[in-house]
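Visitor: Please work out how this folds:
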Amino acid sequence: MKTPIPELLRGRLLVPPMMTNRLPWTKGYFEHLENRPLTPMERLPQHCFARSWTNAPQYFDELSNSLPGPTAPVGEYGLQSFRTIEDKVSEALDIPLAPED
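Guide: Numbers count the residues shown, from 1 in each chain. Next up, the predicted model:
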């Protein structure tokens, strides 16, 4: 039996926003839990991703629009693999990282 989904609040994110592709779901690493509209308290007022390939980080929203500066929580600009997502969740929960293959 699955545990009910807890109340989602934007101020209690386990990890910052991340972008990924469909692979984690198609491989069965991620599982679809629910599809419903987010409430105002669940939705971040501004998504922010940092691209730090240069000396000074640049900030973008989820549509790649430039932002004047960071808005917490700041994610990384670029796709995350299921492995990097797993590592970030494990670090947030203080769980040992999976061994390298």
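Visitor: now the strands for this structure?
Guide: Taking DSSP state E as the test, the strands found in the chain are 48-51, 58-60, 66-67, 74-76.
Visitor: and Leu13, which of those strands is closest to it?
Guide: Between Leu13 and the strands of the chain, the tightest spacing by C-beta to C-beta is seen for strand 74-76, at 9.8 Å. Heads up, the C-betas are built off the backbone N, CA and C, glycines and all.
Visitor: looking just at contacts, which helices and strands does that closest one meet?
Guide: Here strand 74-76 touches strand 48-51, going by 3 or more C-beta pairs under 8 Å, 6 or more residues apart in numbering; DSSP states H and E.
Visitor: How about residues contacting the strand it packs on?
Guide: Identification of contacts with strand 48-51 by C-beta atoms under 8 Å, 6 or more residues apart in numbering yields 17, 19, 57-62, 67, 70-78.
Visitor: Walk me through which strands it pairs with, and which way each runs.
Guide: Strand 48-51 has its sheet partners listed here by DSSP bridges as strand 58-60 (antiparallel), strand 74-76 (parallel).
Visitor: Which one, of those strands, ends up nearest to Lys2?
Guide: Judged by C-beta to C-beta, the one of those that comes nearest to Lys2 is strand 74-76, at 26.9 Å.
Visitor: now that closest one: mean pLDDT?
Guide: Strand 74-76 comes out with an average pLDDT of 93.
Visitor: Just the pLDDT at Phe49, thanks.
Guide: Phe49 is assigned 95 on the pLDDT scale.
Visitor: any idea how far Glu42 is from it?
Guide: Going from Phe49 to Glu42 by C-beta to C-beta, to the nearest Å gives 19 Å.
Visitor: again with Leu63
Guide: For Leu63, the distance to Glu42 - C-beta to C-beta - is 19 Å.
Visitor: more crowded one of the two?
Guide: The residue with more neighbours, out of Leu63 and Glu42, is Glu42; 12 against 6, by other C-beta atoms under 10 Å.
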